[in-house]
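[1] Curious how this folds, go ahead:
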Amino acid sequence: MKTTVYIATSLDGFIARENGDLDWLPGIEDAETGEDYGYKAFMDSVDVLVMGRNTYEIVSSFDPWPYGDKRVIVLSRTLTQIPEKAPKTVELRSSSPVELVNELREAGVGHAYIDGGKVIQSFLNAGLIQEMIITRIPVLIGSGIPLFGPLAQDVALQHVETLSYANGLVQSKYRVLA
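    Alright, predicted model coming up:
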């Protein structure tokens, strides 16, 4: 099973403001060009999206729900149930990354999208990320929630490609080396 991070950061490495706000982040599609930075193709390749409670709480306020009928697993040790208004495709788990990956692999899942700062960090620490696609937004926000945090060991990456867009976004793809 393949696990991939697809995320945007400010140029100074933050995925959200300290309060979780994404007001600095442009929409997923460039209104002038229709460019979606590979998002639709990426989402079409994904079987399940795994995110943490904080990320879920932010995206659950979006209208419409951004993931259509894609299966979404919320990892949380504090959330006890998914709100009734949530799409039927949303599930709650409190398992570790290793337990969840084993469960998904046994269920025949081929590609999981890993999202949310703490969840990404826990999957990286467990050695469970194969690929990272990181889009840098040309803005400095000064402080916020960092994409990366402390790691148990170095994580070696192989650069696969970098694409730059006319609006200043720069997207890099990395393979995580075992």
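
[2] Under the pLDDT cut-off, which ranges of the protein? List them.
    28-31 (pLDDT under 70).

[3] Show the residue spans covered by the helices in it.
    Secondary structure of the chain (DSSP state H): helices at 39-45, 53-59, 97-106, 117-125.

[4] Name the residues of the third one that are buried.
    Read that as helix 97-106. 97, 100, 101, 104 (16 or more other C-beta atoms under 10 Å). (Glycine included, C-beta is placed from N, CA and C.)

[5] Determine which two of these are furthest apart.
    For the buried residues of helix 97-106, with distances taken as C-beta to C-beta, the pair at the greatest spread is 97 and 104 (10.4 Å).

[6] list the contacts for residue 78?
    Counting by C-beta atoms under 8 Å, 6 or more residues apart in numbering, residue 78 touches residue 53.

[7] The same query, at a cut-off of 6 Å, please.
    Contact partners of residue 78, counting by C-beta atoms under 6 Å, 6 or more residues apart in numbering, are absent.

[8] Look up how far residue 94 lies from it.
    Distance, residue 78 to residue 94, using C-beta to C-beta, to the nearest Å: 9 Å.

[9] what does residue 164 give?
    Computed as C-beta to C-beta, the residue 164 to residue 94 distance reads 40 Å.

[10] just residue 44 next, same as before
    Computed as C-beta to C-beta, the residue 44 to residue 94 distance reads 29 Å.
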